[in-house]
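Student: A predicted structure for the sequence below; I have some questions about it.
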Amino acid sequence: MAIECLILGAGQEVGKSCVVVTINGKRIMFDCGMHMGYLDHRRYPDFSLIPRDASEDFTSSLTCIIVTHFHLDHIGALPYFTEVCGYKGPIYMTYPTKALAPLMLEDYRKVMVDRRGEEEQFSSEHIAECMQKVTAVDLKQTVQVDKELQIRAYYAGHVLGAAMFYAKVGDAAVVYTGDYNMTPDRHLGAAQIDRLQLDLVITESTYATTFRDSKYVREREFLKAVHNCVAGGGKVLIPSFALGRAQELCMLLDDYWERMNLKIPIYFSAGLTIQANIYYKTLINWTSQKVKDSYATRNPFDFKNVCKFERAFINAPGPCVLFATPGMISGGFSLEVFRQWAPHEGNLVTLPGYCVAGTVGHRLMSAKTPTQVNIDQNTQIDVRCQIHQLSFSPHTDAKGIMDLIKFLSPKHVILVHGEKPKMESLKGKIESDFGIQCYFPANNETVSIPSTHYVKADASSTFLRSTLSPNFKFLRASSGGNFSSDDMDMIAKPVLQVCDDRIAEGILTTGRYQNPKIIHLKELVLMSGEESHKLQFALCFPARITKMDENGKLIPLAQEFVPSLLHQLFSKLSNEFSEATIQESDQNIQIESFVVSICSKEKCPHRVSAGPHDISEAVYFCCMWSAADEKLGWKVISIMKKLELSNG
């Protein structure tokens, strides 16, 4: 059966992460987030697209919900989905996520409803009732959701409690990464996961084309910008999420203030961050090894130079550093302070992370100062302060994404949580470097990929006897050894190594009323009732063509290029099989019984999926060969799949 992936959010964008994956009849919703850049219907995923019968509710149509971490773009729609839309099934997240999610959700509700007067999407009671449905899980704890579905959480870094989730139904297995970081920072460790047999990895791609400088260089640049501003009497606004970057940067500044003996105040803007620090102290085992090691002598979240900010301080004279939420200046206190401080040249706004399109932070990242920024339809701000953008995001960069995919080596990859042009570039890199089929669907699109299915089969006695014959190979190798000058009479003597490379060759037979069985080829001939029987193999698969247009799209194959492609293939195969007789014509190439041609059929019965390319763009090689040349056939195909041919 295929694995169906419905992308309800974070498809070719960053925001409202929500992916519904169907594996062997089990339907899992990974994350249930909101988009921080919208206030209309685009704020939430389109839940009406979840497959269900007319009589089914969401509880019946979903096996479970899995939430990777507490950021609102991953959990912000959950109370709405459970309490307003009526989902009552199981929900899984880690212990820190369950502890911290209510704080984030309630803080958002207060900002949007109590302060800005927006229409309430969910109430405080909804948040409490939603969290009562949550089952907390620990790292590497295998949870049996039902008889068929099992899930497991792995450490993801990123923020406290963030996890990648592994899900397996039968033989099919998937990893959904959520947001993760492959490098450790001051307060969290790097993502860690086991080497797994996977059909699919669904990975974030926020920084799909970014390769970051060293952590030391980025920290030094940040500290220099902050120090220069406060030394000149200016105020520094650091918009940040209350949980995650705030703690990371507070640790960095607190240490720097101690070393430089600075007395300029550093402020937190809200009680939420102070409350969050209490949880960090409680959940110390989820932090980095460095934090855990230092905890015995001093809690690193007891900041010596950081104190609570009062509203009366906004226009107070003198320099200061202020952490204010939310991180993208999409509303709340960070926007209120930005209105007051942005018009003054001596001040600084430093943006340490990613900002979603539609937010003030995103507009600042692409603007040159001085500039004017529209806060809403009626408000425009003259921005004369310095704008400093730093890569302090807790997301992994392009190298980290590639490292994870290389380590896990799944059969397929789906990219989410990124920008379309960058995702397209990363997709090409994954396919060219690893030969893994990769997709980056848009919101509300479905991707279908084949899943693994193992079959238990009996074996005939004739087949088993055929596997008993040894296939010895003899190799000579040096015995090695390190000898001193006093042992000149001793030399490395050759050693005979014996390998048994036996290969079992059989035919898998199936029938409606019998179990699958592996038999010997000779038995198949007898079963067919024919005196002579010829068995052939066939495969039609897409070729890798390097001719692209200026937009990176594959140029469709013109008919006149068919002989050219075949001749290129002939030249490459001639080098690989110098001792074999290879025949070339305008239509095909032949080595022994192996024949390859360019397939012109729209629906070839031997075709495998085009995978990364549309069928209209792919060029297919159609191959046929006899059972007697089975080894030769698969060797040729293996070589062909690694070739890059030029279209024109």
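Tutor: Right, received. Where do you want to start?
Student: only C-alpha atoms for contact and neighbour calcs from this point on.
Tutor: Will do.
Student: Any idea how far apart the tips of stretch 286-300 sit?
Tutor: Terminal residues of stretch 286-300 lie 14 Å apart, using C-alpha to C-alpha, to the nearest Å.
Student: try stretch 137-149
Tutor: First-to-last distance for stretch 137-149 - C-alpha to C-alpha - comes to 15 Å.
Student: Pull the distance from that stretch to the chain's centre.
Tutor: 21 Å (C-alpha atoms, centre = their mean, to the nearest Å).
Student: what's it in contact with?
Tutor: 26, 64, 92-95, 150-155, 163, 167-170 (C-alpha atoms under 8 Å, 6 or more residues apart in numbering).
Student: So residue 83 belongs to a helix, correct?
Tutor: Yes: Residue 83 forms part of a helix when assessed by DSSP: H, G, I helix; E, B strand; the rest coil.
Student: confidence score at residue 445?
Tutor: Here, the pLDDT recorded for residue 445 equals 96.
Student: Roughly how far does residue 150 sit from residue 17?
Tutor: Taken as C-alpha to C-alpha, the span from residue 150 to residue 17 is 22 Å.
Student: which of those two has more neighbours?
Tutor: Under the neighbour definition other C-alpha atoms under 10 Å, residue 150 and residue 17 were set side by side, and residue 17 has more, 32 against 16.
Student: Point out where the stretch 151-300 of the chain drops to low pLDDT.
Tutor: 242, 270-277, 296 (pLDDT under 70).
Student: All the helices of it, residue numbers only.
Tutor: 215-231, 245-260, 271-282, 289-294 (DSSP state H, counting those that start in this stretch).
Student: right, and the ones you listed - which one's nearest residue 436?
Tutor: helix 215-231 (30.4 Å; C-alpha to C-alpha).
Student: on contacts alone, who are the packing partners of the closest one?
Tutor: strand 235-239, helix 245-260 (3 or more C-alpha pairs under 8 Å, 6 or more residues apart in numbering; DSSP states H and E).
Student: which residues are contacting that helix?
Tutor: By C-alpha under 8 Å, 6+ apart, helix 215-231 touches 235-236, 252-253, 256, 264, 319-321, 346-348, 388, 390-392.
Student: rewinding a little: please narrow the contacts of stretch 137-149 to those residing in strands.
Tutor: The strands, defined by DSSP state E, take in 26, 64, 92-94, 150-155, 163, 167-169 from these.
Student: Can you name the residues bridging to the most centrally placed residue in the chain?
Tutor: Residue closest to the average C-alpha location in the chain (C-alpha atoms, centre = their mean): residue 203, at 1.2 Å. Here residue 203 sits in beta bridges with residue 415, going by DSSP bridges.
Student: what sits against it?
Tutor: Here residue 203 is in contact with 176, 177, 178, 179, 401, 413, 414, 415, 416, 417 (C-alpha under 8 Å, 6+ apart).
Student: can I get the residues you listed in a markdown table with distance to residue 331 and neighbour count?
Tutor: A markdown table is the format used below for these (distance: C-alpha to C-alpha, whole Å; neighbours: other C-alpha atoms under 10 Å):
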| residue | distance to residue 331 | neighbour count |
| --- | --- | --- |
| 176 | 30 | 23 |
| 177 | 28 | 24 |
| 178 | 25 | 26 |
| 179 | 23 | 26 |
| 401 | 31 | 24 |
| 413 | 35 | 25 |
| 414 | 32 | 21 |
| 415 | 29 | 26 |
| 416 | 25 | 31 |
| 417 | 22 | 27 |
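Student: just those now: which is nearest residue 536?
Tutor: Nearest to residue 536 among the contacts of residue 203, with distances taken as C-alpha to C-alpha, is residue 413, at 32.7 Å.
Student: The helix or strand harbouring the closest one packs against which elements?
Tutor: Using DSSP states H and E, residue 413 sits in strand 412-416. Contacts defined by 3+ C-alpha pairs under 8 Å, 6+ apart place strand 412-416 against strand 200-204, strand 437-439.
Student: Assign residue 382 to helix, strand or coil.
Tutor: strand.
Student: who's it bridged to?
Tutor: residue 372.
Student: I figured it hits residue 368, correct?
Tutor: No: Residue 382 lies out of contact with residue 368 (C-alpha atoms under 8 Å); the separation is 11.8 Å.
Student: ok so, going back, I'd like to know which of the helices of the stretch 151-300 of the chain lies nearest to residue 638.
Tutor: Closest to residue 638 of the helices of the stretch 151-300 of the chain is helix 215-231 (C-alpha to C-alpha; 41.2 Å).
Student: Please identify which two of the contacts of residue 203 are farthest apart in space.
Tutor: Of all pairs in the contacts of residue 203, the most separated under C-alpha to C-alpha is 179 and 413 at 15.3 Å.
Student: one step back: quick check on the contacts of stretch 137-149: which are buried?
Tutor: Buried subset of those (neighbour count, 16 or more other C-alpha atoms under 10 Å): 26, 64, 92-95, 150-155, 163, 167-169.
Student: on that earlier part again, now the strand holding residue 413 against strand 200-204, angle please.
Tutor: 20 degrees (axes from the mean of the first three to the mean of the last three C-alpha atoms, to 10 degrees).
Student: List of residues touching strand 412-416?
Tutor: 10-14, 199-205, 423, 427, 436-441, 449.
Student: Which members of those residues are classed as buried?
Tutor: Here, 16+ other C-alpha under 10 Å leaves 10-14, 199-205, 423, 427, 436-441, 449 buried among the contacts of strand 412-416.
Student: one step back: would you turn the helices of the stretch 151-300 of the chain into a markdown table with mean neighbour count and distance to residue 405?
Tutor: Below are the helices of the stretch 151-300 of the chain laid out as a markdown table (neighbours: other C-alpha atoms under 10 Å; distance: least, C-alpha to C-alpha, whole Å):
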| stretch | mean neighbour count | distance to residue 405 |
| --- | --- | --- |
| helix 215-231 | 15 | 23 |
| helix 245-260 | 18 | 26 |
| helix 271-282 | 17 | 30 |
| helix 289-294 | 15 | 25 |
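Student: Determine the three-state secondary structure at residue 428.
Tutor: Applying three-state DSSP: residue 428 is helix.
Student: circling back: which one, of the helices and strands packed on helix 215-231, ends up nearest to residue 332?
Tutor: strand 235-239 (10.4 Å).
Student: for that closest one, packing partners?
Tutor: helix 215-231, strand 320-324, helix 332-341, strand 348-351.
Student: redo that, cut-off 7 Å
Tutor: In terms of contacts (3 or more C-alpha pairs under 7 Å, 6 or more residues apart in numbering; DSSP states H and E), strand 235-239 is packed against helix 215-231, strand 320-324, strand 348-351.
Student: What strand or helix carries the closest residue to residue 359 other than its chain neighbours?
Tutor: Spatial nearest neighbour of residue 359, excluding adjacent residues (C-alpha to C-alpha, 6 or more residues apart in numbering): residue 330 at 5.0 Å. Counting by DSSP H and E, no helix or strand carries residue 330.
Student: My read is that residue 497 contacts residue 474, right?
Tutor: Yes: the pair residue 497 / residue 474 is scored as a contact, 5.8 Å apart, by C-alpha atoms under 7 Å.
Student: Could I get the pLDDT score of the residue nearest to residue 84 when sequence neighbours are not counted?
Tutor: Spatial nearest neighbour of residue 84, chain neighbours left out: residue 122 (7.6 Å); criterion: C-alpha to C-alpha, 6+ apart. Looking at residue 122, its pLDDT is 89.
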